[in-house]
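A.B. asks: please work out how this folds:
(one chain, ligands or ions: 2)
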Amino acid sequence: MIKLGIVGKTNAGKTTLFNSMTLLSGEVSTRAFTTVRAEAGVASVVTPCVHKEFGVKDNPVNSKCEDGWRFIPIEVTDLPGLIKGAAAGKGLGNQFLSVAAQSDALLHVVDASGSVDKDGKISEPGTGDPFADYSDTELELALWYTRLLRSNQPKISKLSKMPGHGIPSAVEEVLQGIGVRKEHVIAAIDDTMLKDKEFDSWSDKELQAFAWSLREYSKPTLLIANKMDLPYAAENFQRLREKLPGLAVIPTSGEAELTLRRAEAKGLIKYVPGEERFDILRPQDLNEAQKSALAYIRRKVFGEYLRTGVQHSLNSVVFRLLKNDAVYAVSDPQKLTDSHGRVLPDVYLLPNGSTVEDLAAHIHTDLAKGLLYAVDARTGLHLPTNYVLRDRDVLSIVSAGHKD
Ligand SMILES: Nc1nc2c(ncn2[C@@H]2O[C@H](COP(=O)(O)OP(=O)(O)OP(=O)(O)O)[C@@H](O)[C@H]2O)c(=O)[nH]1
Ligand SMILES: [Mg+2]
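C.D. replies: Ligands and ions are numbered 1, 2, ... in the order given. Alright, predicted model coming up:
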């Protein structure tokens, strides 16, 4: 399953966002450093379901279908707020970094309203600096990469001199546990103009610049500008976009999403995460506080930004940054069923460029072992094992080892 880590300064609203994505109940408070332990939960990304196109009613198994949208599970982990010095093992630094290491991508949350001061305390909106908060956390992440490279310097140096090796495969070998691949190293070397220099001769500054670039390539990150319902958030959001032109920045209100998801779970409203509307179902059952909370969300969030942004941020990471496609697997390509007769039961997320072989291996090793070909449910054509999957493909995998 795709793994995302939620990082950022204390009080930025990470746990609120996490709760709204997973409907779990991690502790939220105005105290600094409320979250002390990483907590994982299941969230979803959303894509238009293919059942409409095929004109069938589906029976999802590994996912959910609501109002024509397919919700596909991913894992998100809420993390303690990062403090300066985390890369040097300060505070909860090591725990934080080990989760970040295992994540495929990061959601970096800042309080866009600037209502967190530089020590992490909640204060008046407009007093804090979200860009400085962003930079502090990013610096810690880059320092952590620098530290890893430095402590592995002799190993990388030795590996890079072995016949047929070179720096890219040496760095990959040492840092693959945190998601570093050869192509990331090559890109970072190119960016920092270190192409013709031996690893041993890199200066401290060069190593740092390389670490910064390697962190960007190997750990895709989406910036979440949270608390957009508060004053000053709009101005700060603009500033963040101007200062960080290469970065995807999504405006959100985690608190609005949490209120809506909880009201939906109680049957008070109809709300499909990601949609640009919600409807009150039982106005008579709402108390005054709930009424005014929903009116506030309608005015400050939907009125200004059309949506809470929470579902949009998850979709953006998985489909845009990590470039995944959603591929449906069935057993019977005509009836679109699995071996139990369930229609369009399973959909899988696979990185762009994956093949039939990758899909088979993702589903089950037995399926991959005796893999013969796949059948495209739309055309009935046989596809070879090296066929490159497209988003929303519906395929039946034919294998001598196992057929499902
Ligand atoms: N107005 C508004 N307040 C929010 C929003 N998201 C979170 N908050 C508030 O911000 C405060 C901090 O939220 P948390 O979710 O605990 O923040 P955190 O980033 O997990 O904090 P740590 O665990 O200390 O790192 C709480 O009072 C939340 O209610 C939002 O979208 N809008
Ligand atoms: Mg928290």
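
A.B. asks: quick one: mean pLDDT for the one helix or strand L350 maps to?
C.D. replies: Following DSSP states H and E, one finds L350 within strand 346-351. Here strand 346-351 scores 98 as its mean pLDDT.

A.B. asks: give me the buried positions along it.
C.D. replies: Across strand 346-351, burial judged by 16 or more other Cβ atoms under 10 Å covers 346-350. For the C-beta atoms, the positions are set from N, CA and C on the backbone; glycine is no exception.

A.B. asks: and the closest residue to ligand 2 within the stretch 201-350 of the chain, how close does it get to F96?
C.D. replies: Across the stretch 201-350 of the chain, no residue is closer to ligand 2 than G254, which sits at 10.7 Å (Cβ to the ion). Separation of G254 from F96 (Cβ to Cβ, to the nearest Å) stands at 20 Å.

A.B. asks: on that earlier part again, closest one to S316 out of the buried residues of strand 346-351, please.
C.D. replies: L349 (14.0 Å; Cβ to Cβ).

A.B. asks: just want the phi and psi numbers for the closest residue in space to the closest one that isn't next to it in sequence.
C.D. replies: Closest residue to L349 apart from its sequence neighbours, by Cβ to Cβ, 6 or more residues apart in numbering: N324 at 4.5 Å. Torsion angles at N324 (phi, psi; degrees, to the nearest 10) stand at phi -100, psi 150.

A.B. asks: could you count how many residues lie near N324?
C.D. replies: If you count neighbours by other Cβ atoms under 10 Å, N324 ends up with 23.

A.B. asks: you'd agree I224 is in a strand?
C.D. replies: Yes. Counting by DSSP: H, G, I helix; E, B strand; the rest coil, I224 falls inside a strand.

A.B. asks: how far away is it from D117?
C.D. replies: Counting by Cβ to Cβ - I224 and D117 are separated by 20 Å.

A.B. asks: swap in S44?
C.D. replies: 35 Å.

A.B. asks: more crowded one of the two?
C.D. replies: Remark: of S44 and D117, S44 carries more neighbours, 23 against 15, as counted by other Cβ under 10 Å.

A.B. asks: quick one, what contacts that one?
C.D. replies: By Cβ atoms under 8 Å, 6 or more residues apart in numbering, the contact list for S44 reads 63-64, 71-74, 273, 314.

A.B. asks: hmm, N226 is touching E257, no?
C.D. replies: No. Using Cβ atoms under 8 Å, N226 is not in contact with E257, being 10.1 Å away.

A.B. asks: can you pull the phi and psi angles for the nearest residue to R320 once chain neighbours are set aside?
C.D. replies: Nearest residue to R320 in three dimensions, chain neighbours excluded: A248, at 6.8 Å (Cβ to Cβ, 6+ apart). The phi/psi pair for A248 (degrees, to the nearest 10) reads phi -80, psi 120.

A.B. asks: give me the number of residues near A248?
C.D. replies: 16.

A.B. asks: G353 now?
C.D. replies: Neighbours of G353 (other Cβ under 10 Å): 10.

A.B. asks: one more: K52?
C.D. replies: If you count neighbours by other Cβ under 10 Å, K52 ends up with 11.

A.B. asks: please report how far it lies from ligand 2.
C.D. replies: 39 Å (Cβ to the ion, to the nearest Å).

A.B. asks: for that residue, give me its contacts.
C.D. replies: G68.

A.B. asks: list the contacts of S316.
C.D. replies: By Cβ under 8 Å, 6+ apart, the contact set of S316 is 222, 248, 250.

A.B. asks: close to ligand 1: what parts of the stretch 1-150 of the chain are there?
C.D. replies: Applying Cβ under 6 Å from any ligand atom, we find that the stretch 1-150 of the chain lies next to ligand 1 at 10-16, 28-30, 32-35, 80-81.

A.B. asks: make that the stretch 251-400 of the chain, sorry
C.D. replies: Going by Cβ under 6 Å from any ligand atom, the residues of the stretch 251-400 of the chain near ligand 1 are 253-255.

A.B. asks: identify the residues contacting the helix or strand that the strand holding L350 is followed by?
C.D. replies: From strand 346-351 onward toward the C-terminus, using DSSP H and E, the following helix or strand is helix 356-363. Residues from elsewhere that reach helix 356-363 (Cβ under 8 Å, 6+ apart): 327, 329, 346, 348, 350, 354, 367-368, 371, 373-374, 383-387, 389, 395, 397, 399, 404.

A.B. asks: which residues of the chain fall in strands?
C.D. replies: Using DSSP state E, the strands assigned to the chain run over residues 3-8, 39-48, 64-66, 69-78, 105-111, 221-226, 249-251, 269-270, 279-280, 324-330, 346-351, 371-376, 382-383, 394-399.

A.B. asks: mind showing which ranges of the protein have poor pLDDT?
C.D. replies: Applying pLDDT under 70 to the chain picks out residues 85-95, 401-404.

A.B. asks: what comes up buried for the longest helix along it?
C.D. replies: Taking DSSP state H as the criterion, the chain has its longest helix at helix 130-151. Residues of helix 130-151 classed as buried: 130-131, 133-134, 136-138, 140-146, 148-149 (neighbour count, 16+ other Cβ under 10 Å).

A.B. asks: residues in contact with that helix?
C.D. replies: Contacts for helix 130-151 (Cβ under 8 Å, 6+ apart): 7-9, 12, 82, 84-88, 93, 97, 100, 108, 110-112, 114, 116, 118, 156, 171, 175, 178, 207-208, 210-212, 214-215, 219, 223, 225, 236, 239-240, 243-244.
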